[in-house]
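[1] how does the following fold in three dimensions:
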Amino acid sequence: MAATPQNPAASAPRRKVSRHRGEGQWAMGHHTPLNGNEQFKKDDDGLNVRTRIETIYSKRGFDSIDPNDLRGRMRWWGLYTQRKPGIDGGKTAVLEPEELDDKYFMLRVRIDGGRLTTRQLRVIGEISQEFARGSADITDRQNIQLHWIRIEDVPEIWNRLEAVGLSTTEACGDCPRVVIGSPVAGIAEDEIIDGSWAIDEIHDRYIGSKEFSNLPRKFKTAISGSPLLDVVHEINDVAFVGVEHPEHGPGFDLWVGGGLSTNPKIGVRLGAWVPLAEVPEVWAGVVGIFRDYGYRRLRTRARLKFLVADWGPEKFRQVLQDEYLKRALVDGPAPAEPVSRWRDHVGVHRQQDGNFYVGFAPRVGRVDGATLAKIADLAEAHGSGRVRTTVEQKMIVLDVTEDRVESLVEALEALDLTARPSTFRRGTMACTGIEYCKLAIVETKQRGSALIDELERRLPDFDEPLTINLNGCPNACARIQVADIGLKGQLVLNDQGEQVEGYQVHLGGALGLEAGFGRKVRGLKVTSEELPDYVERVLKRFQAERADGERFAAWASRASEEALS
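    Take a look at the predicted model:
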């Protein structure tokens, strides 16, 4: 048909009409995969890759691994390829995955609640020394990560871990990852409620189950009955926070939708009180909502925090009650103010049974296999068979009798694992960084350790609680937005106009009842070399300008840009 004034569309190209696919929410009927990650998960469940690792890849070697297994499904068993050495940060976002991949893996050992026996810790240390070139990092989610793992060695490593009750099951991947918990659950004198049973039930019922092995993205859980609020509950997908209900007694306040990365959000209270016996069921309901209603179209919006932000807490609670629990939840109180500004359990503390626990600070979570074995030996030599990891990259030895406490503290000091750390040693945390991480732009672990030394030398009398968190990229694994001083790795220009490693600075972030994200001062970036000078300068200004009893975060929120630069 020819075009005419009455029919101008006849000459126009016909537009393709496509059905709107929404956000890929299963509950809305959208089951067609909308990106490559959703496709490979539909093709084969991530949990199934273990059989191929054991029967094919470990026997035929790295080059035999299917790409969708290598950069996808193997995460369900705690395995990530690590960064090839010698690739600078400027190439992180430029190179293809296969150009960044080394033929070695990071292996994440899952430690729910941070709970370890000395036997388990010793086995991790032995695996580190035999298969991981001695590497070992304590993470800010209570896990231990090893590096330089060969695919040929993975089955043997699994055998050794599982022989002592440990695993790497769903330590990574689009699934429920490690359940973090108070490291002194059932131990501390001031505990509101012990959540250990709930952590165990969730692990035993659901971890490794295909009921929740295909979520839109990762899912993070925190459970703690400590009055210290010691599991950063505000930045987890779901958190159960110990509270005392005026009628029903001790239980948990329910939070959902927290998370950091490039779109940080503080979790919200649902206003619901959950008794200990119902925590696993309520947890499964929240995960079920994420599985069914979570956004699967764009990976950048595939976390629970985006659904919670769109729905609001009232709708979320209603859907949880109506569709998943089939009953109403009890209204409950908010958590009380934290009893201390330090929430890491470092130092010497009395237990419920009259013994003591001793928390100590490795440097930015970096240890090694030999040191882990020595910690196990020290603990046993001082009458303990139990140790813990914390969400601040620290460790704790439990069950020490009063007459052995000082001996243990001195022995730890000899290993550079101090139970009496400076503010800077205690409060500085760092992610993996460019040494191993394919997403990183700058180095973090060595930089953080060197920063501690410099600040201890320059400001020996500084004793105010302070957190300094270093991250190698924008993804905030080291929680930069909620640190007093958060340092986000990026390439910056030095005085000579050269591109060098550096950090964008976030100031005044906090968790607790005054939770909030740090302030970014326009254009404020520092090179790695300038970092000690910058932090010293800002802390001296804080000391000079602060009001009586004022926290650093409060000062940073009101200080002039000049004072923060």
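[2] against residue 473, how distant is residue 346?
    Residue 346 sits 28 Å away from residue 473, going by C-beta to C-beta, to the nearest Å. For glycine as for every other residue, the C-beta is placed from the backbone atoms N, C-alpha and C.
[3] now swap in residue 31 and tell me
    Residue 31 sits 33 Å away from residue 473, going by C-beta to C-beta.
[4] and the two? which has more neighbours close in?
    Between residue 31 and residue 473, counting by other C-beta atoms under 10 Å, residue 473 is the more crowded of the two (26 against 11).
[5] my guess is that one contacts residue 437, does it?
    Yes - between residue 473 and residue 437 there is a contact at 7.4 Å, judged by C-beta atoms under 8 Å.
[6] wait, isn't residue 492 in contact with residue 498?
    No - counting by C-beta under 8 Å, residue 492 does not reach residue 498; the two are 9.7 Å apart.
[7] settle it for me: which of these two has more neighbours?
    Neighbour count, other C-beta under 10 Å: between residue 492 and residue 498, residue 492 has more, with 18 against 10.
[8] who's in contact with the more buried one?
    By C-beta atoms under 8 Å, 6 or more residues apart in numbering, the residues touching residue 492 are 499-503, 525-527.
[9] if we use 10 Å, what do you get?
    Counting by C-beta atoms under 10 Å, 6 or more residues apart in numbering, residue 492 makes contact with 442, 498-504, 525-528, 530.
[10] likewise for residue 308?
    237, 255-259, 265, 267-268, 270, 286, 289-290, 315-316.
[11] again with residue 45
    For residue 45, the contacting residues are 73, 76, 175, 210, 213-214, by C-beta under 10 Å, 6+ apart.
[12] at 7 Å what do you get?
    210, 213-214 (C-beta atoms under 7 Å, 6 or more residues apart in numbering).
[13] for ChimeraX, what selects the buried ones among the residues you listed?
    Listed next is the ChimeraX selection for buried residues among those, using 16 or more other C-beta atoms under 10 Å:
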select :213,214
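[14] now secondary structure, distance to residue 228 and pLDDT too, for the contacts of residue 45, in JSON lines please.
    Compiled in JSON lines, the contacts of residue 45 are given as follows (DSSP: H, G, I helix; E, B strand; the rest coil; distance: C-beta to C-beta, whole Å; pLDDT from 0 to 100):
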{"residue": "210", "secondary structure": "coil", "distance to residue 228": "36", "pLDDT": "97"}
{"residue": "213", "secondary structure": "coil", "distance to residue 228": "33", "pLDDT": "98"}
{"residue": "214", "secondary structure": "coil", "distance to residue 228": "35", "pLDDT": "98"}
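[15] quick one: least confident helix or strand in this protein?
    The helix or strand of the chain with the lowest confidence, counting by mean pLDDT, DSSP states H and E, is strand 519-527 at a mean of 88.
[16] what sits up against it?
    Residues from elsewhere that reach strand 519-527 (C-beta under 7 Å, 6+ apart): 492, 494, 500, 502-508, 534, 556-557, 561, 564-565.
[17] please apply the same query to stretch 330-340.
    The contact list for stretch 330-340 (C-beta under 7 Å, 6+ apart) reads 190, 227-229, 241, 243, 245, 248, 251, 253, 269, 271-273, 512-513.
[18] show me which of those residues are buried.
    Buried among the contacts of stretch 330-340 by 16+ other C-beta under 10 Å: 227-229, 241, 243, 245, 251, 253, 269, 271-273, 512.
[19] single out whichever of the residues you listed has the smallest pLDDT.
    On pLDDT alone, residue 512 ranks lowest of those, at 83.
[20] any idea how far residue 427 is from the closest residue to that residue other than its chain neighbours?
    Nearest non-adjacent residue to residue 512, counting by C-beta to C-beta, 6 or more residues apart in numbering: residue 338, 5.0 Å away. As judged by C-beta to C-beta, residue 338 and residue 427 stand 15 Å apart.
[21] likewise residue 123?
    In this view, residue 123 and residue 427 are 31 Å apart by C-beta to C-beta.
[22] quick one on the thing from earlier: tell me which two of the contacts of residue 308 sit farthest apart.
    Distance extremes for these: the farthest pair is 259 and 315 at 18.6 Å, using C-beta to C-beta.
[23] and the two? Which one has more around it.
    A direct count of neighbours by other C-beta under 10 Å for residue 259 and residue 315 places residue 259 higher, at 22 against 12.
[24] which helix or which strand is home to residue 380?
    Residue 380 is part of helix 369-381, with elements assigned from DSSP states H and E.
[25] can you tell me the strand partners of the helix or strand just after that helix and which way each runs?
    Remark: after helix 369-381, the chain's next helix or strand is strand 386-389, criterion DSSP H and E. Note on strand 386-389: by DSSP bridges, its sheet partners are strand 115-117 (antiparallel), strand 395-400 (antiparallel).
[26] please identify the deepest-packed of those.
    strand 395-400 (a mean of 25; mean count of other C-beta atoms under 10 Å).
[27] what average pLDDT does that strand get?
    Mean pLDDT, strand 395-400: 98.
[28] got a list of contacts for that strand?
    Taking C-beta under 7 Å, 6+ apart as the rule, strand 395-400 contacts 138, 183-184, 187, 345, 355-360, 362, 375, 379, 382-384, 386-390, 408.
[29] show the buried residues in those residues.
    In the contacts of strand 395-400, burial by neighbour count holds for 138, 183-184, 187, 345, 355-360, 362, 375, 379, 382, 384, 386-390, 408, counting by 16+ other C-beta under 10 Å.
[30] read off the pLDDT value for the residue nearest the centre of the chain.
    The chain has residue 141 as the residue nearest its centroid, 4.4 Å off, counting by C-alpha atoms, centre = their mean. Per-residue confidence at residue 141 stands at 97 (pLDDT).
[31] my guess is it meets residue 181, correct?
    No - taking contacts as C-beta atoms under 7 Å, residue 141 lies outside contact range of residue 181: 10.8 Å.
[32] show me what contacts residue 156?
    So residue 156 contacts nothing (C-beta under 7 Å, 6+ apart).
[33] one more: residue 457?
    So residue 457 contacts nothing (C-beta under 7 Å, 6+ apart).
[34] let's see the helix or strand that it is a member of as PDB, backbone CA atoms only.
    Assessed by DSSP H and E, residue 457 sits inside helix 445-458. Written as PDB, here are the backbone C-alpha positions of helix 445-458 (Å, rounded to 0.1, in the frame of the first residue of the first chain):
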ATOM      1  CA  LYS A 445      45.400  -5.300  53.200                       C
ATOM      2  CA  GLN A 446      49.000  -4.000  53.200                       C
ATOM      3  CA  ARG A 447      47.900  -0.400  53.000                       C
ATOM      4  CA  GLY A 448      45.600  -0.900  56.000                       C
ATOM      5  CA  SER A 449      48.400  -2.600  58.100                       C
ATOM      6  CA  ALA A 450      50.800   0.200  57.200                       C
ATOM      7  CA  LEU A 451      48.200   2.800  58.100                       C
ATOM      8  CA  ILE A 452      47.800   1.300  61.600                       C
ATOM      9  CA  ASP A 453      51.600   1.500  62.200                       C
ATOM     10  CA  GLU A 454      51.800   5.100  61.100                       C
ATOM     11  CA  LEU A 455      48.800   6.300  63.100                       C
ATOM     12  CA  GLU A 456      50.000   4.500  66.200                       C
ATOM     13  CA  ARG A 457      53.300   6.300  65.800                       C
ATOM     14  CA  ARG A 458      51.800   9.700  65.100                       C
END
